[in-house]
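Engineer: show me how the following folds:
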Amino acid sequence: QVQLVESGGHLVPPGGSLRLSCVVSENIFRSNTMGWYRQISGKAREFVAQITQGSITKYADAVTGRFTISRDRIKNAVFLQMNSLKTEDTGVYYCNTIPVLITSSREYWGHGTQVTVSS
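Structural biologist: As a prediction, the model looks like this:
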């Protein structure tokens with residue numbers, strides 16, 4: 001059974017912080033690089049950050065130095081610590097494998113979690 005369950009999104013002021021969590025099916029978590037993506041209103045979903053099984057990380061230029069991705073092998077979870085948030089970070093955040101998980105010949109996405117940065 002595929003499980004990608006995101007949580008932690010909230011309304012925060014500019015400059016604030018949030019920590020997103022994603023619980024993943026064990027078999028998927030343990031055999032894949034995991035990542036965070038986001039979809040900003042009116043735009044295509046975009047890559048935010050990734051972490052390999054060996055905890056090597058990579059970030060989009062827009063979030064480098066502000067966001068930190070991590071993974072917990074015990075909880076089968078991946079996290080995104082977001083600091084110094086900007087209004088342009090507002091969007092729905094999703095976790096997924098890298099590359100994106102395919103089931104029944106289609107991309108599989110969870111429900112995502114809404115992050116709103118506003119004063």
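
Engineer: now the helices for the protein?
Structural biologist: Along the chain, the stretches classed as helices by DSSP state H are 26-30.

Engineer: in it, which residue is closest to the centre?
Structural biologist: Trp36 (2.6 Å; Cα atoms, centre = their mean).

Engineer: now do the contacts for that one.
Structural biologist: Taking Cβ atoms under 8 Å, 6 or more residues apart in numbering as the criterion, Trp36 is in contact with 20, 22, 48-50, 69, 78, 80, 93-95. (C-beta placed from N, C-alpha, C; glycine too.)

Engineer: give me that answer again for 6 Å
Structural biologist: Contacts for Trp36 were tallied using Cβ atoms under 6 Å, 6 or more residues apart in numbering; they are 48-49, 80, 95.

Engineer: ok, and the most crowded of the residues you listed?
Structural biologist: The residue in the contacts of Trp36 with the most neighbours, by other Cβ atoms under 10 Å, is Cys95 (28 neighbours).

Engineer: count of neighbours near the closest residue to that residue other than its chain neighbours?
Structural biologist: Among residues not flanking Cys95 along the chain, Cys22 sits closest, at 3.5 Å (Cβ to Cβ, 6 or more residues apart in numbering). Neighbour count for Cys22, taken as other Cβ under 10 Å: 27.
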